[in-house]
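Colleague: this is a predicted model, with the sequence first.
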Amino acid sequence: MRPLRTVCYFLLASLLWTACQRKSIIPDSVTPVERPSIIPSRVDSLPCVYIRTPEEIRSRDDWTELADIRIEVRIDGKDTTVYQADSLKIKGRGNTTWTSYPKKPYALKLNHKANLIGTGKTSRWVLLANWMDRTLLRNQVAFEAARRTSIEWTPSGIFVKLYMESPDTEGEMRYQGIYWLGEKIRVEGSHFDADYLYSYDTSDRGSEDFSAYCHYMKAGEWFEGEVPVTVKYPDRDDYTEVYWISSLKDQCLEALQNIEDAIYHVPTGNWTSCVDLNSFCDWYLVNELCYNTEVRHPKSCFFYIRQGVMYAGPVWDFDFGTFHVPSEFPQLRLKSALYYFQLFPQPEFRQRLKARWKTLRPQFESLTDYIDQQADWIRSSEKENHNMWPCYPNPQGTADTNWMVNMDEDLTFQEAVDKMKRALLLRIDLLDEQIALLQ
């Protein structure tokens, strides 16, 4: 019996060792809502996503239908198809990222909801190109920072290799580079509840926008004016146009106006009862930590209302101008952005912010380990992606430093990763110093 028992122990140890060698593609902090995930959490290399479309994708407004998708993973050296569907809808997504960048991002709509990455079933997914980001990690790391806070929900995603075939590729499935396959920000199918979800974005001035009063920055100067706010939930596609214009849109605007009336009329307004202080503090700290200055104009800023209380989040869009070494800007940069110009003068907000920073600081400091983990995961595929899509924002496609926004475009991958970690730790030191000054 003893030799048999020894063999069993040896086999069990071997299986555990083999499992540990596989790379995890789901961030460790993400707790899956349900199992099993269609894409296994541990695989040998980046999953491959293959998409075939009947025509070239040229629009971010109109869905290309009758596309098909296949997802393939490698486990123990064997390639396996884990998902396949022939009823995919796909279109372009984003503003500048779609209209001006060579590597295009996409929105996906599955015919049937699917639990692709272990975070729950949903039909709506996105493929982010991260072309502007030399590390490819900025969004992923910022999302991980948010997951470590009280913000109720943050989109999860994984890195994949994307291949596409269309009539323009002459029937050939062509490699498109490394993409981030993740959840779309929406209330339906997510892990947070909301009566209304709003997006604040100066670059999104569609016909269905309405305006909210706030401060924003442009060309280095502060302006007092109106910022376009788009209702993301309820989804207007679920209602007739007449109903949307005559009733639902008015309800969304009235709910937002009630919150803003309280915030802008401090101290007469009862703002503390209609603003969730923890999420507002944590959302601010994540954006300040990552130096997301796009909040100042603003772009891709989300807030939602539930039962008369406004919450900050989810966070989104960190690939542009983030994770800078703070030597040139030795102060908090977002105090006058959005609603914060009104909240910072309030002692209740400042004291809560100091308390939240004390709680979150250790969680943020350990993000350097997460950066190394994610960098190692994409390292073997990063060079090929960068050769295809060198991230120079210069229209001429050359490494002109005057056009650099992240200030690492001319670095090697490892140099850019090291700079990102250094910027993160320096910003933690800066926040330590600046938040301690708040009275």
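Modeller: Nice, I can see it.

Colleague: in which helix or strand does residue 227 reside?
Modeller: strand 221-233 (DSSP states H and E).

Colleague: again, but for residue 79
Modeller: In the assignment (DSSP H and E), residue 79 maps to strand 78-92.

Colleague: adjacent strands (with direction) for that strand?
Modeller: strand 64-75 (antiparallel), strand 106-114 (antiparallel) (DSSP bridges).

Colleague: any idea of the mean pLDDT for the longest one?
Modeller: Think strand 64-75. Strand 64-75 carries an average pLDDT of 97.

Colleague: same check on the shortest one?
Modeller: Model confidence over strand 106-114, given as mean pLDDT, is 96.

Colleague: where exactly do the strands run in the stretch 51-200 of the chain?
Modeller: Taking DSSP state E, counting those that start in this stretch as the test, the strands found in the stretch 51-200 of the chain are 64-75, 78-92, 106-114, 122-128, 157-165, 174-183, 196-200.

Colleague: give the buried residues for stretch 181-190.
Modeller: The neighbour-count check on stretch 181-190 (16 or more other C-beta atoms under 10 Å) flags 181, 182, 183, 184, 185, 186, 187, 190 as buried. Placement of C-beta: from N, CA and C, glycine included.

Colleague: quick one: terminal-to-terminal distance for it?
Modeller: 16 Å (C-alpha to C-alpha, to the nearest Å).

Colleague: which SS state does the closest residue to residue 288 other than its chain neighbours fall under?
Modeller: Of all residues not flanking residue 288 in the chain, residue 334 sits nearest, at 5.5 Å (C-beta to C-beta, 6 or more residues apart in numbering). When classified by DSSP: H, G, I helix; E, B strand; the rest coil, residue 334 comes out as coil.

Colleague: for residue 334, give me the pLDDT.
Modeller: In this model, residue 334 carries a pLDDT of 87.

Colleague: returning to that earlier point: can you list the strands paired with strand 78-92 in CSV and add mean neighbour count and distance to residue 124?
Modeller: Below are those laid out as CSV (neighbours: other C-beta atoms under 10 Å; distance: least, C-beta to C-beta, whole Å):
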stretch, mean neighbour count, distance to residue 124
strand 64-75, 18, 13
strand 106-114, 17, 6
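
Colleague: okay, and for the stretch 1-150 of the chain, where does confidence drop off?
Modeller: The stretch 1-150 of the chain contains residues with pLDDT under 70 at 1-35.

Colleague: at 50 what do you get?
Modeller: 1-21, 29-34 (pLDDT under 50).

Colleague: check the stretch 151-300 of the chain too.
Modeller: 207-211, 213, 215-223.

Colleague: can you map out the helices along it?
Modeller: Using DSSP state H, counting those that start in this stretch, the helices found in the stretch 151-300 of the chain span residues 241-243, 249-264, 277-289.

Colleague: got TSV for the strands paired with strand 78-92, with distance to residue 48 too?
Modeller: Shown next, in TSV, are the strands paired with strand 78-92 (distance: least, C-beta to C-beta, whole Å):
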stretch	distance to residue 48
strand 64-75	5
strand 106-114	15
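
Colleague: nearest to residue 367, out of those strands?
Modeller: strand 64-75 (26.9 Å; C-beta to C-beta).

Colleague: burial count for residue 173?
Modeller: Using other C-beta atoms under 10 Å, the number of residues around residue 173 comes to 15.

Colleague: wait, what's in contact with the residue nearest to it when sequence neighbours are not counted?
Modeller: In this structure, residue 173 finds its nearest non-sequential neighbour in residue 165, 4.4 Å apart by C-beta to C-beta, 6+ apart. Listed by C-beta atoms under 8 Å, 6 or more residues apart in numbering, the contact set of residue 165 reads 50, 51, 52, 53, 171, 172, 173, 174.
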